[in-house]
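I need the structure of the sequence given here:
(one chain, ligands or ions: 4)
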Amino acid sequence: ALVSVTELLLKADREGYAVGAFNANNMEIVQAIAQAAAMENAPVIMQASQGAIKYAGLDYITGMVKMAADEYKVPIALHLDHGTDFDQVVKCIRSGFSSVMYDGSKLTLKENIAMTNKVLDMARPIGVSVEAELGKIGGTEDHVHVDAKDAMYTDPEEARIFVEETGVESLAIAIGTAHGQYKGEPHLDFERLEKIKQLVKIPIVLHGSSGVPDNAIQKAIKLGVCKVNIDTNIREAFVWEMRKIINDNPDEIDPRKILGPAREAAVDIIRQKIRLFGSSNKA
Ligand code: G3H
Ligand code: 13P
Ligand code: ZN
Ligand code: NA
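Ligands and ions are numbered 1, 2, ... in the order given. Next up is the predicted model:
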């Protein structure tokens, strides 16, 4: 059965490691995440974005992840990544997700608090965890000027107010990471993270973590990050392997001969991440 994200993150927070949250869009990636978690004896969060749900279908996502959770003994949670549509959040909960993110980062603080509370009112009585976002994480294509940092990054005092007025279970923050492939090396605002963690006692979530140097990830975990989101690094490993096989064997027409090795490549990168996050043998 799928496990609660809140319990996974509170244990990680107490013991000083982070749980990997890996984006899944298809069967091979669901299987790769489950297999990597089992090989590392690690708890793991599988997450589906609204785009993943549109691609694979909500019931397929839930069905595949539930099947993986039944097949392996390690704790597996299913989480909605960046839910921005209240109806979609409801549909995911009804479908069996054990956790949802409500991403109100584009709203004003007041609206974000109100919408997060609306999601919490629905999710809490049935034991579904809720992650919120404060600050704008954005994509690597969004050009962030140094002067704009304060407007984009999470304000520690706002974070304190937000958590006080919602009681949300975990909080995604903007401290310099971005979704997708980085052009240069990202620089994380660790001082801001430290301040946030002093004011906010709940697990902190790091998005856009693909492409962040290993030492920066480990420092962020030391400073209170308990959930690390990885999508792009899996996409890269998967597609690079597919491309290599197709280039080497242009006559190959069996999708299994292409997707099978791609799945193996995904297992390898996910295992590396689990070890980096310190969650091996924490199942
Ligand atoms: O937060 C972004 C994740 O990488 C999901 O991306 O919306 O293309 O599925 P996606
Ligand atoms: P990356 O694609 O940069 O790993 O970000 C993933 C993420 O934050 C999903 O919510
Ligand atoms: Zn994200
Ligand atoms: Na990234």
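
can you pull the contacts of residue 240?
The neighbourhood of residue 240, defined by C-beta atoms under 8 Å, 6 or more residues apart in numbering, consists of residue 265. (Glycine included, C-beta is placed from N, CA and C.)

so it, which state does it fall into?
Taking DSSP: H, G, I helix; E, B strand; the rest coil as the rule, one finds residue 240 in the helix state.

do the same with residue 137
Secondary structure, three-state DSSP: residue 137 is coil.

that one is in contact with residue 174, isn't it?
Yes - between residue 137 and residue 174 a contact is recorded at 4.9 Å, counting by C-beta atoms under 8 Å.

what sits in contact with each of these two?
residue 105.

identify each buried residue in the helix or strand in which residue 9 is found, please.
If you go by DSSP states H and E, residue 9 is part of helix 5-15. For helix 5-15, burial by neighbour count (16 or more other C-beta atoms under 10 Å) applies to 5, 6, 8, 9, 10, 11, 12, 13.

cool, stretch 194-207 as well?
Buried residues in stretch 194-207, counting neighbours by 16+ other C-beta under 10 Å, are found at 195, 196, 197, 200, 202, 203, 204, 205, 206, 207.

okay, these in TSV with secondary structure next?
Output for the buried residues of stretch 194-207, formatted as TSV (three-state DSSP):
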residue	secondary structure
195	helix
196	helix
197	helix
200	coil
202	coil
203	coil
204	strand
205	strand
206	strand
207	coil
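
wondering if the lengthiest helix in the chain reaches ligand 2 at all.
In the chain, assigned by DSSP state H, the helix with the most residues is helix 255-276. No - in terms of C-beta under 6 Å from any ligand atom, no part of helix 255-276 sits within range of ligand 2; the closest distance is 9.7 Å.

what segments of the stretch 1-150 of the chain are helices?
Here the stretch 1-150 of the chain has its helices, by DSSP state H, counting those that start in this stretch, at 5-15, 27-40, 50-56, 58-71, 86-95, 109-123, 149-152.

which of those helices sits most buried?
Mean neighbour count (mean count of other C-beta atoms under 10 Å) peaks for helix 27-40 among the helices of the stretch 1-150 of the chain, with a mean of 22.

helices and strands around it, which ones?
If contacts are counted by 3 or more C-beta pairs under 8 Å, 6 or more residues apart in numbering; DSSP states H and E, helix 27-40 sits against strand 19-23, strand 44-49, helix 58-71, helix 232-248, helix 255-276.
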